[in-house]
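A.B. asks: missing the sequence, but the structure's below:
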């Protein structure tokens, strides 16, 4: 296997890992399923390129080349479905629109695989990439199909980007950057250049899909796309544990072998194994706790003392008279303890409208847009009354998508989720709602636990 094929293999493995993490985070979620389909098509596209380049006969090269163009045909189609699942959520494409998306893909891909209309033959050139002899449909339909589907996806994302706010706007930006950069390079090297019989970069598209995967991975870890950030972080901690443990005990094993052989004159692996097993049993758990504590601190998950936190809040309420300064002090204390991205306090005014008294972490006009959402007070009052306590936005959205829950306003629920709101807590005086406290997601990506909710109530 040459260097190019090794690079393609590494890219494919990264896509496999990301696809597995996303899919098993929530297999019932349409967004996760369609992203998994994209990764499958990208991985198959990469694998068929490796097999095509490695084939030494004209027959096998031609067959793998047809499989290569078969798999490539599904990438833009699954990309369209993924984008619609991301943007529309529960209001996904109806069956007719899905058929409209998939039928051209099915026809193009099957034609590529089972006929010579797209790929007719392969010609070997010593020391150069193989030359593909294309059939008539490649020039007429295949190029137009691939280009138009990717153009379709650009138009959808750009249009939604300029009408979105908050975290969703950032998510759209990174999906657009990833899909645009990877597809433009891929269409240039794997579609346009081969049309003019230039095949020296025919493999570059398979390498550059890393741009798409990397942008999705960044959107996951930075902007909670598909909610697997906590899994990614824990995988990092587990990987560090394995790496450090293996490294340390490999060194110890080598030193023990040297001591017993050269100094004691004993050539026995049994003694070394016993010593290593003893050390492993003794130090593994402390090492694991140390690494988890370190990564937890790094990833904004350092724990807090509930009693100390309550004492700090009590001290602030008894010593600060100015309302704004009081809210700022309490908010800073809670943000430092819970490591949340944003926080706001909103009270009902005499006109029964939401008035923002304090906000931190919100982008310009983001909180104001939520406070002025149509009929927001009535919606929140009904939702708080029906659920009887704090509103956990992520849990509500998941239950809604799974058909287990009907919110008072799906539009407001989606707007809260897209703005990175995690919790809404009611403020009551004599059972009368006077306002709400809004908390953003934790910087670690973890949900608020029972201790957090108990403190906040």
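C.D. replies: Cool, got the structure. From a predicted model like this one, the values you see are computed outputs, not experimental measurements.
A.B. asks: packing partners for the helix or strand encompassing residue 65?
C.D. replies: Secondary structure assigned from DSSP states H and E places residue 65 in helix 58-88. Applying 3 or more CB pairs under 8 Å, 6 or more residues apart in numbering; DSSP states H and E, one finds that helix 58-88 contacts helix 30-54, helix 95-114, strand 119-123, helix 143-161, helix 166-187. The C-beta positions use only the backbone N, C-alpha and C, and glycine is treated the same way.
A.B. asks: pick out the shakiest of these, pLDDT-wise.
C.D. replies: Mean pLDDT across the helices and strands packed on helix 58-88 is lowest at helix 166-187; the value there is a mean of 85.
A.B. asks: who's in contact with whichever helix or strand comes after that one?
C.D. replies: The helix or strand immediately downstream of helix 166-187 is helix 193-195, counting by DSSP H and E. Outside helix 193-195, the residues within contact range by CB atoms under 8 Å, 6 or more residues apart in numbering are 132, 134, 139, 143, 199, 200, 201, 202.
A.B. asks: got a list of what the fifth one touches?
C.D. replies: Residues touching residue 199, when contacts are defined by CB under 8 Å, 6+ apart, comprise 128, 129, 130, 131, 132, 193.
A.B. asks: equivalent analysis for the third one, please.
C.D. replies: Contacts were defined as CB under 8 Å, 6+ apart; by that measure residue 139 touches residue 195.
A.B. asks: and it, how far is that from residue 75?
C.D. replies: Between residue 139 and residue 75 the computed distance is 20 Å (CB to CB, to the nearest Å).
A.B. asks: same thing with the second one?
C.D. replies: Distance of residue 134 to residue 75, computed by CB to CB: 19 Å.
A.B. asks: looking at those two, which has the bigger crowd around it?
C.D. replies: Set side by side, residue 134 and residue 75 show more neighbours around residue 75, with 27 against 19, by other CB atoms under 10 Å.
A.B. asks: wouldn't that one be in contact with residue 40 here?
C.D. replies: No - the criterion here is CB atoms under 8 Å, and residue 75 misses it with residue 40 at 10.0 Å.
A.B. asks: which one of the contacts of residue 199 sits in the busiest neighbourhood?
C.D. replies: Neighbour counts for these, by other CB under 10 Å, peak at residue 132, which reaches 23 neighbours.
A.B. asks: count the neighbours of residue 219 for me.
C.D. replies: What residue 219 shows, counting by other CB under 10 Å, is a neighbour count of 22.
A.B. asks: and it, that's in a helix?
C.D. replies: Yes - assigned with DSSP: H, G, I helix; E, B strand; the rest coil, residue 219 falls within a helix.
A.B. asks: re earlier: tell me the one of the contacts of helix 193-195 nearest residue 172?
C.D. replies: Residue 172 lies nearest to residue 143 out of these, by CB to CB, at 27.3 Å.
A.B. asks: so what's the closest residue to the closest one other than its chain neighbours up against?
C.D. replies: Leaving aside its chain neighbours, residue 143 sits nearest to residue 191 (6.0 Å; criterion: CB to CB, 6 or more residues apart in numbering). Shown in contact with residue 191 (CB under 8 Å, 6+ apart): 143, 146, 147.
A.B. asks: kindly report the same for residue 87.
C.D. replies: 156, 160, 172.
A.B. asks: would you indicate which residues of stretch 4-14 are buried?
C.D. replies: The neighbour-count criterion (16 or more other CB atoms under 10 Å) identifies 4, 5, 8, 11, 12, 14 as the buried residues of stretch 4-14.
A.B. asks: got the contact list for residue 213?
C.D. replies: Contact analysis of residue 213 by CB under 8 Å, 6+ apart lists 11, 14, 15, 18, 39, 42, 178.
A.B. asks: top of the contacts of residue 87 by number of neighbours, please.
C.D. replies: The residue in these with the most neighbours, by other CB under 10 Å, is residue 172 (26 neighbours).
A.B. asks: can you count the residues close to residue 96?
C.D. replies: Neighbour tally, residue 96, other CB under 10 Å: 7.
A.B. asks: same deal with residue 360?
C.D. replies: 18.
A.B. asks: ok, now residue 148?
C.D. replies: 12.
A.B. asks: could you do residue 36 as well?
C.D. replies: Using other CB under 10 Å, residue 36 has 20 neighbouring residues.
A.B. asks: that one reaches residue 25, doesn't it?
C.D. replies: No - checked against CB under 8 Å, the pair residue 36 and residue 25 is beyond contact range at 10.3 Å.
A.B. asks: mind putting the buried residues of stretch 4-14 in CSV, secondary structure and pLDDT included?
C.D. replies: Listed next are those as CSV, based on DSSP: H, G, I helix; E, B strand; the rest coil; pLDDT from 0 to 100:
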residue, secondary structure, pLDDT
4, helix, 87
5, helix, 89
8, helix, 90
11, helix, 87
12, helix, 89
14, helix, 84
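A.B. asks: in this structure, what helix or strand scores lowest on average pLDDT?
C.D. replies: Across the helices and strands of the chain, mean pLDDT, DSSP states H and E gives its lowest value to helix 229-258, namely a mean of 58.
A.B. asks: tilt between the helix holding residue 65 and helix 30-54?
C.D. replies: Put simply, helix 58-88 runs at 160 degrees to helix 30-54, going by axes from the mean of the first three to the mean of the last three CA atoms, to 10 degrees.
A.B. asks: got a list of what residue 142 touches?
C.D. replies: For residue 142, the contacting residues are 69, 73, 108, 112, 118, by CB under 8 Å, 6+ apart.
A.B. asks: quick one: pLDDT of it?
C.D. replies: pLDDT, residue 142: 94.
A.B. asks: what of residue 331?
C.D. replies: Predicted confidence (pLDDT) for residue 331: 82.
A.B. asks: mind listing what's buried in stretch 114-129?
C.D. replies: 116, 117, 118, 119, 120, 122, 129.
A.B. asks: typed the wrong thing, it's stretch 324-337
C.D. replies: Residues of stretch 324-337 classed as buried: 326, 327, 328, 329, 330, 331, 333, 334, 335, 337 (neighbour count, 16+ other CB under 10 Å).
A.B. asks: which residues touch that stretch?
C.D. replies: 304, 309, 312-313, 316-317, 320, 340, 343, 345, 357-358, 360-361, 439, 456.
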